[in-house]
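Below: sequence and its predicted model.
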Amino acid sequence: MRIGIDLGGTKIEGVALDAPGTERARRRVATPRDDYEATLRAIVDLVAALEAEAGTRGSVGVGMPGAISPATGRVKNANSTWLNGRLLKPDLESALGREVRLANDANCFAVSEARDGAAAGRRLVFGVIVGTGTGGGIAIDGHAWQGPNAIAGEWGHNPLPWPRIGEWPGPACYCGQHGCIETFLSGPGLARDAGGRSAEELAAATDVAAREALARHADRMARALASVLNLLDPDAIVLGGGLSNLAHLYEEVPRLWGRYAFSDRVDTPLLPPVHGDASGVRGAAWLWE
Ligand SMILES: [Zn+2]
């Protein structure tokens, strides 16, 4: 049995999959924000609860914000900033009494959708998680591509391309820069631009201000993803995270990104996730073959 854990900024979700990939158990708890020790305990308790429900011990894969630095073994780049600098892998391994595999949550998402999700069978898949933050991950032939710095796909911290007046230098980002793609595309970034209204509220609203905020957001996503098309030319791009529920993105963004991509036409599909919120946990479970 494979257990996948998705360590998110607001929730920790766990799933137990049997060999064919069928769910045997699933649980979700709130993330103990700003408390590393409590976060470790929450993961250990979640694994124990999943194993009790499934009735067997499993391998553990964890999708996490940021990455484990190949150079230091410590967490870096996590927007759940209380994880940064921590020895998460050995701490989890000693707490769980077994080897644990970890990967960036966007990489897990890309792997899940490339294996048996929206992009099943496609070779080079770019997965985007647009939620609390904005992350990107690359799956090649169903495997996460990490890179020597463990930053492959982290385009959310590139500057928003083709900036318009008023978009530069852009909002401050937790990474230390200004105007990162994340500060425009994420849920908090959209809300900041829309007078504090959430994505759900904007999608349900009919007023001009809400429509304009969603149109600005779609155009920014089109510019951001056009830079991915130019660099990677992936076989498919799959959206995940809370904002992947915005149905208009799948029409609007492909309608707009051709203006920016260096190509006479763009045939790349922009796809909603098949596994929805479960892609993170499923991809984490897939870290063990
Ligand atoms: Zn940034």
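Sure thing, it's come through. These figures come from a predicted structure and were not determined experimentally. Residues are numbered from 1 along each chain as shown.

Can you mark which positions in stretch 241-259 are buried?
Within stretch 241-259, the residues that count as buried by 16 or more other C-beta atoms under 10 Å are 241, 242, 243, 244, 246, 249, 252, 253, 254, 256, 257. The way it works is simple: take the backbone N, C-alpha and C, and place the C-beta from them, glycine included.

what's the answer for stretch 119-137, then?
Judged by neighbour count (16+ other C-beta under 10 Å), stretch 119-137 contains these buried residues: 119, 122, 124-137.

how far away is the residue nearest to residue 254 when sequence neighbours are not counted from the ion?
Leaving aside its sequence neighbours, residue 254 sits nearest to residue 270 (C-beta to C-beta, 6 or more residues apart in numbering; 5.2 Å). Distance, residue 270 to the ion, using C-beta to the ion, to the nearest Å: 23 Å.

quick one, phi/psi of residue 270?
In terms of degrees, to the nearest 10, the main-chain angles of residue 270 are phi -110, psi 110.

For this protein, what lies in contact range of the ion?
Contact residues (C-beta under 5 Å from the ion) of the chain with the ion: 157, 173, 175, 177, 180.

Tell me the first helix or strand C-terminal of the longest helix seen in the chain.
Longest helix of the chain, by residue count under DSSP state H: helix 208-232. Of the helices and strands lying after helix 208-232 in sequence (DSSP states H and E), the nearest is strand 236-240.

re the thing from before, so which of the buried residues of stretch 241-259 are in helices?
For those, secondary structure assignment (DSSP H) places 249, 252, 253, 254, 256, 257 in helices.

and of those, the nearest to residue 233?
residue 257 (12.4 Å; C-beta to C-beta).

ok, for that closest one, nearest residue in space, not its chain neighbours?
Using C-beta to C-beta, 6+ apart and skipping the chain neighbours, the partner closest in space to residue 257 is residue 222 (4.2 Å).

mind listing the helices for the stretch 101-250 of the chain?
For the stretch 101-250 of the chain, the helices defined by DSSP state H, counting those that start in this stretch cover 105-116, 181-185, 187-193, 199-204, 208-232, 249-257.

Out of those, which is the most enclosed?
The highest average neighbour count among those, using mean count of other C-beta atoms under 10 Å, belongs to helix 105-116 at a mean of 31.

now residue 235, nearest residue through space, not along the chain?
residue 122 (3.9 Å).

Using CSV, write out every CA atom in stretch 125-142.
Extracted C-alpha coordinates of stretch 125-142, given in CSV (Å, rounded to 0.1, in the frame of the first residue of the first chain):
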residue,chain,number,x,y,z
VAL,A,125,3.5,17.8,-18.7
PHE,A,126,3.6,21.2,-17.0
GLY,A,127,1.4,21.2,-13.8
VAL,A,128,0.4,24.5,-12.3
ILE,A,129,-1.0,24.8,-8.8
VAL,A,130,-2.8,28.1,-8.4
GLY,A,131,-4.1,28.4,-4.9
THR,A,132,-2.5,29.9,-1.8
GLY,A,133,0.6,30.3,-3.9
THR,A,134,1.5,29.6,-7.5
GLY,A,135,3.7,26.7,-8.2
GLY,A,136,4.8,24.8,-11.3
GLY,A,137,6.1,21.3,-11.8
ILE,A,138,7.4,19.2,-14.7
ALA,A,139,6.7,15.6,-15.3
ILE,A,140,8.6,13.8,-18.0
ASP,A,141,7.3,10.3,-18.9
GLY,A,142,5.4,10.2,-15.6
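
what is the mean pLDDT for it?
Regarding stretch 125-142, the rounded mean pLDDT is 94.

Confirm for me that residue 93 is in contact with residue 102.
No. Counting by C-beta atoms under 8 Å, no contact exists between residue 93 and residue 102, whose distance comes to 10.0 Å.

the more surrounded of these two?
Neighbour count, other C-beta atoms under 10 Å: between residue 93 and residue 102, residue 102 has more, with 24 against 15.

I'd say that one and residue 62 touch.
Yes. At 4.7 Å, residue 102 and residue 62 qualify as touching, with contact defined as C-beta under 8 Å.

any residues in contact with both of these two?
Here residue 102 and residue 62 share the contacting residues 92, 287, scored by C-beta atoms under 8 Å, 6 or more residues apart in numbering.

tell me the contacts of residue 8?
Listed by C-beta under 8 Å, 6+ apart, the contact set of residue 8 reads 31, 65, 80, 105, 131, 132, 280.

wait, which of the ones in helices among the buried residues of stretch 241-259 is closest to residue 284?
Nearest to residue 284 out of those is residue 249 (C-beta to C-beta; 24.8 Å).
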